[in-house]
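[1] just a sequence and a predicted model for now, questions to come.
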Amino acid sequence: MKNDIRIFSPEMKMADLIEINYRLLAVFSRFGLHLGFGETTVARMCNENGIDPEAFILICNIYSYAGYMPTEDALKAADPLCVMKYLRNSHSSYMEDGFKTLEQLIDKAIAPCAPGRKKIITDFFEDYRKEVEKHFEYEETVFFPYVGAVVGGTVSENYSAATFEENHSNIEEKLDDLKNIVMKYLPQGCDPVSANDALYALFALSEDLEKHTDIENHVLVPMVNRLENKKEA
């Protein structure tokens with residue numbers, strides 16, 4: 001995919017975006033937008049709800065098109081604070097909804113299993129949940145406040161976007177291990193329907209987290225880098 005592609009635009013209707021990619025419903029929800037768009041355009045809906053249209057479109061493009069990389073112009077046009085707010089809302093969505101739903105599905109799938117096997121799976125899931133929670137906590141307490149400071153014109157001598165990149169761990173890798181446990185090693189006595197539902201939810205979460213990471217690495221970090229360089233120039 002060419003880097004200068006701009007699939008969506010603020011002039012498009014909100015409903016058209018959903019027709020192209022229904023998974024954007026999760027993105028809309030994290031922006032606080034709900035169904036009932038009518039014929040409203042993206043620009044109008046965003047402006048009425050205090051959302052930067054350029055940041056909204058950029059995130060929708062990333063979620064919809066594999067390999068999409070924003071141009072310098074797209075990054076300059078978008079508000080980094082809006083991108084950061086979306087990422088914060090995503091954290092809440094993952095921890096309050098995604099992981100709770102996944103836990104329920106896994107518990108239902110392994111209910112018929114022997115206690116020892118159940119404990120191995122539930123402990124693995126809980127360890128992963130705590131790892132993700134710690135990952136998000138670092139972003140919430142260290143990186144995001146720094147982003148706000150940089151946008152406000154303050155650059156630290158002891159921290160930078162590059163520092164964040166160095167400490168940005170991969171939270172998708174262990175999720176792959178959990179997918180393999182459900183896909184390959186669940187005992188025959190487990191509920192097959194519930195196991196399929198859990199696996200589907202795991203794949204959906206994995207894809208979503210990958211897009212989340214892309215927004216951090218390919219949108220917010222370059223935005224902060226540009227502001228840092230501009231301040232130092």
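    Looks like it arrived, so ask away.
[2] excluding its backbone neighbours, what's nearest residue 58?
    The shortest distance from residue 58 to any non-neighbouring residue, by CB to CB, 6 or more residues apart in numbering, is to residue 78 (5.1 Å). For glycine as for every other residue, the C-beta is placed from the backbone atoms N, C-alpha and C.
[3] buried residues in the helix or strand of the chain with the lowest mean pLDDT?
    Ranked by mean pLDDT, DSSP states H and E, the weakest helix or strand in the chain is helix 173-184, scoring a mean of 83. For helix 173-184, burial by neighbour count (16 or more other CB atoms under 10 Å) applies to 175, 178, 179, 181, 182.
[4] same question for stretch 18-36.
    Buried residues in stretch 18-36, counted by 16+ other CB under 10 Å: 21, 24, 26, 27, 28, 30, 31, 33.
[5] and if you look at stretch 201-213?
    In stretch 201-213, counting by 16+ other CB under 10 Å, buried: 201, 202, 205, 208, 209, 211, 212.
[6] now do the least confident helix or strand of the chain: which elements does it pack against?
    helix 115-138, helix 192-215 (3 or more CB pairs under 8 Å, 6 or more residues apart in numbering; DSSP states H and E).
[7] quick one: average pLDDT of the first one?
    This predicted structure assigns helix 115-138 an average pLDDT of 90.
[8] toward the C-terminus, what is the element adjacent to that helix?
    helix 144-151 (DSSP states H and E).
[9] most tightly surrounded among the helices and strands packed on helix 173-184?
    helix 192-215 (a mean of 17; mean count of other CB atoms under 10 Å).
[10] what's the angle from it to helix 115-138?
    Inter-element angle recorded for helix 192-215 and helix 115-138: 20 degrees (by axes from the mean of the first three to the mean of the last three CA atoms, to 10 degrees).
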